[in-house]
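**Student:** prediction below, plus the sequence it came from.
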Amino acid sequence: MTKQCKYVLKHLKKLACNSDMLLSFLGNTTYICRFDDESTFFDYSKYEAEIDSIIQSLIDNGYLVQGFNQYHFHLTQKAIHHTQYSMEKIIKFLICSIVVPMAVSLATSIIVLYIQGLL
């Protein structure tokens, strides 16, 4: 995920109160607001040239789901609990790259010692 996507996702989570509340673009602007409260919005003019592609990237990566058209979307569980999903990926990586090779090495050593009659 790019730095820009992280920035936008962070503010979308604040805007949606870390829930799956429906969000939408405010008219034809770079403002994104809560669907039920247009007075609460965030200005993404900093990313005016790429906000559509950032939103599309977040949709493609499973952090957002489109609402009834391309201007409405809401957060998914992956976005709401981003830290938890990241920790699961890290734990899975550690198990696959450290614990499994250690177990295989231990089993191989025990088998070799048993075959040599040293055990």
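**Tutor:** Cool, the structure landed.
**Student:** using the three-state scheme, assign Phe41.
**Tutor:** Secondary structure state of Phe41, per DSSP: H, G, I helix; E, B strand; the rest coil, is strand.
**Student:** quick thing: my sequence starts at 882, can you match it?
**Tutor:** Got it, first residue is 882 now, which makes that one Phe922.
**Student:** wait, what's in contact with it?
**Tutor:** Contacts for Phe922 (CB atoms under 8 Å, 6 or more residues apart in numbering) come out as 896, 907, 912-915. Any C-beta I mention is one placed from the backbone N, CA and C, and that applies to glycine too.
**Student:** give the bridge partners for it, please.
**Tutor:** Cys914 (DSSP bridges).
**Student:** quick check: it vs Ile976, distance?
**Tutor:** 42 Å (CB to CB, to the nearest Å).
**Student:** got it, and Leu890?
**Tutor:** Counting by CB to CB - Leu890 and Ile976 are separated by 27 Å.
**Student:** looking at those two, which one has more neighbours?
**Tutor:** Using other CB atoms under 10 Å as the criterion, Leu890 and Ile976 rank with Leu890 on top: 21 against 11.
**Student:** need the phi and psi values for the more buried one.
**Tutor:** The phi/psi pair for Leu890 (degrees, to the nearest 10) reads phi -60, psi -40.
**Student:** can you tell me how far it is from Gly948?
**Tutor:** From Leu890 to Gly948 the distance is 17 Å (CB to CB).
**Student:** same check on Glu919?
**Tutor:** Glu919 is 15 Å from Gly948, by CB to CB.
**Student:** can you pull the contacts of Pro929?
**Tutor:** Quick fix: residue 929 reads Glu, not Pro. Here Glu929 is in contact with Thr911 (criterion: CB under 8 Å, 6+ apart).
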